[in-house]
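Engineer: Build the 3D model from these lines:
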Amino acid sequence: MTNKFQTALQLLFPPRCVGCGDLTERDFGLCGPCWRDTPFVGGLVCDKCGVPILGSASQAPFLCDDCLRYERPWSAGRTVMLYRDNGRKLVLAIKHGDRSDIVYPAASWLALAAKPLVEECKENVLVVPIPLHRSRLLKRRFNQSALLAKALAANLDLPFCLDLLQRPSEKGSMKGLDHDLRFSKMQGAIAINPKRRPRAMGRTVLLVDDVMTSGATLSAAASAILEADASDVRAVTLARVAKSE
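Structural biologist: You can find the predicted model right below:
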């Protein structure tokens, strides 16, 4: 009976691509053309942000120009895709298009990217999202980073803390700002929630965000977590804005 019911559902609601809506072989996947147009990251990548880099396997650590130039308070990082083409489309669909259905496949991609970051210390890892200020949260109705982080934590069977971090004040959009202005604007923008501080102490915190541009937001969050006596901070993002962007 269950198999017949599932077959009937598939006939009524066949699997469709989360990118374009075309038919696919299974739910919550990408069709061939959308997969091809999504700039997933692979090969040799920067150890801090996950962006693809040129080099040889004999060189270590592997760092991109940005991560060589600017100090990153987190110890290691990865990203799923570059923020362009279908990668940008998918991120914006989650962020502004209320496409929560994309969170499910995105979490599985994030899990693959994050696995090298947590394998050696999985029993001590706490998954934490980048927070939104309450005014922006009320306007948007959800925090896309929190949705991704919660689904990632479930995928990797790791503990999740929604409100370890908070934003005491709204700093406004950083769109169009250069690197230095972004970092200046983020000074003091993220703080530890005093009620949740004990959860960070002595742990490795895996920070989750939808997009990394300059790294200012991740830096502010990682610094706040380390000041709360966490042992380490690592970061994973759904997309990374490359220099060519």
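
Engineer: quick one: what helix or strand has residue 72 in it?
Structural biologist: Assessed by DSSP states H and E, residue 72 sits outside every helix and strand.

Engineer: Which pLDDT value goes with the residue nearest to residue 196 when sequence neighbours are not counted?
Structural biologist: Nearest residue to residue 196 in three dimensions, chain neighbours excluded: residue 164, at 4.7 Å (CB to CB, 6 or more residues apart in numbering). In short, each C-beta sits where N, CA and C put it, glycine included. Looking at residue 164, its pLDDT reads 98.

Engineer: Tally up the residues packed near residue 164, please.
Structural biologist: 26 (other CB atoms under 10 Å).

Engineer: next one: phi and psi at the spatially most central residue of the chain?
Structural biologist: The chain has residue 237 as the residue nearest its centroid, 2.7 Å off, counting by CA atoms, centre = their mean. Backbone torsions of residue 237, given as degrees, to the nearest 10, read phi -130, psi 150.

Engineer: Bridged to it, which residues?
Structural biologist: Assessed by DSSP bridges, residue 237 has beta-bridge partners residue 79, residue 209.

Engineer: how many neighbours does residue 117 have?
Structural biologist: Residues near residue 117, counting by other CB under 10 Å: 22.

Engineer: List the residues that contact the closest residue to it other than its chain neighbours.
Structural biologist: Leaving aside its chain neighbours, residue 117 sits nearest to residue 234 (4.5 Å; criterion: CB to CB, 6+ apart). Contact analysis of residue 234 by CB atoms under 8 Å, 6 or more residues apart in numbering lists 74, 75, 76, 77, 117, 118, 204, 205, 206, 207.

Engineer: redo that, cut-off 6 Å
Structural biologist: When the contact criterion is CB atoms under 6 Å, 6 or more residues apart in numbering, the partners of residue 234 are 74, 75, 76, 117, 206.

Engineer: Residue 26 contacts residue 15, doesn't it?
Structural biologist: Yes. Using CB atoms under 6 Å, residue 26 is in contact with residue 15, at 5.2 Å.

Engineer: Which one of the two is surrounded by more residues?
Structural biologist: Set side by side, residue 26 and residue 15 show more neighbours around residue 15, with 15 against 7, by other CB under 10 Å.

Engineer: Quick check, pLDDT for the more buried one.
Structural biologist: Predicted confidence (pLDDT) for residue 15: 86.

Engineer: just to revisit the earlier point, would you mind giving both backbone torsions of the residue nearest to residue 196?
Structural biologist: Per degrees, to the nearest 10, the backbone of residue 164 is at phi -60, psi -40.

Engineer: measure it to residue 203 for me?
Structural biologist: 10 Å (CB to CB, to the nearest Å).

Engineer: And for residue 26?
Structural biologist: 36 Å.

Engineer: which phi and psi does residue 186 have?
Structural biologist: Dihedral angles (degrees, to the nearest 10) for residue 186: phi -90, psi 0.

Engineer: for it, what are its contacts?
Structural biologist: Residue 186 neighbours (CB under 6 Å, 6+ apart): 216, 220.
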